[in-house]
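In: turn this into a structure:
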Amino acid sequence: MATRCNIELGNDRYVQATEWKDQLRIDIREWETKNGKRMPTKKGISLPLNRWKMLVDSFDYLDQALVENNTYTTHVGGNVYASITTNSVCVDLRKNWLPPNQTEVVPTKKGITLRPMEYTKLKEAVSVIGDFVPELNTVVPCPFSYDHQNQLEFLRCSECNPDGFTE
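Out: From the prediction side, this is the model:
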């Protein structure tokens, strides 16, 4: 696993650009020291570049919800969502799933809740990450790709519509 950059967010949390299984990903994760060695924990989320780009594109809306103390949720791809609850000061980045016989996705334990300073540092890290990951300049978020020009293609996409995906 090759790490291109590692930026501290505070409270033993970091954002990293990492190559994993021939795919470049942005990880937002909490770390711990075990037996004198720094190790990543399960508390966090790993985003492919297209999901990272969707998250970055949603920062203005997340900021507005925080200022107005409103609830806001945005889908960043797959079953990953960024959300804020009413009167919260934290941003939750979490994988969701669709339970059987239900119509709405619910959060899982896979993800991380960013405190205000961590979220601010994450936003500040965007340009630094861009310096280490020039591939981000050519990434087109899935909903804006050429093959999503009509609703049927959008609905068939496993990234945009993971729970209603049909081939």
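
In: now the helices for this structure?
Out: 49-57, 59-68, 116-132, 151-155 (DSSP state H).

In: most packed of these?
Out: helix 49-57 (a mean of 21; mean count of other CB atoms under 10 Å). (C-beta placed from N, C-alpha, C; glycine too.)

In: give the other helices and strands that it contacts.
Out: When contacts are defined as 3 or more CB pairs under 8 Å, 6 or more residues apart in numbering; DSSP states H and E, helix 49-57 packs onto strand 23-34, strand 72-77.

In: indicate which one of the helices of the chain is closest to Gly10.
Out: Gly10 lies closest, by CB to CB, to one member of these: helix 116-132, at 5.4 Å.

In: how far does that closest one sit from the chain's center?
Out: Helix 116-132 sits 13 Å away from the centroid of its parent chain (CA atoms, centre = their mean, to the nearest Å).

In: run the angle between it and helix 59-68 for me.
Out: For helix 116-132 against helix 59-68, the angle by axes from the mean of the first three to the mean of the last three CA atoms, to 10 degrees is 170 degrees.

In: show me what helix 116-132 is packed up against.
Out: Secondary-structure packing of helix 116-132 (3+ CB pairs under 8 Å, 6+ apart): strand 2-10, strand 13-20, helix 59-68.
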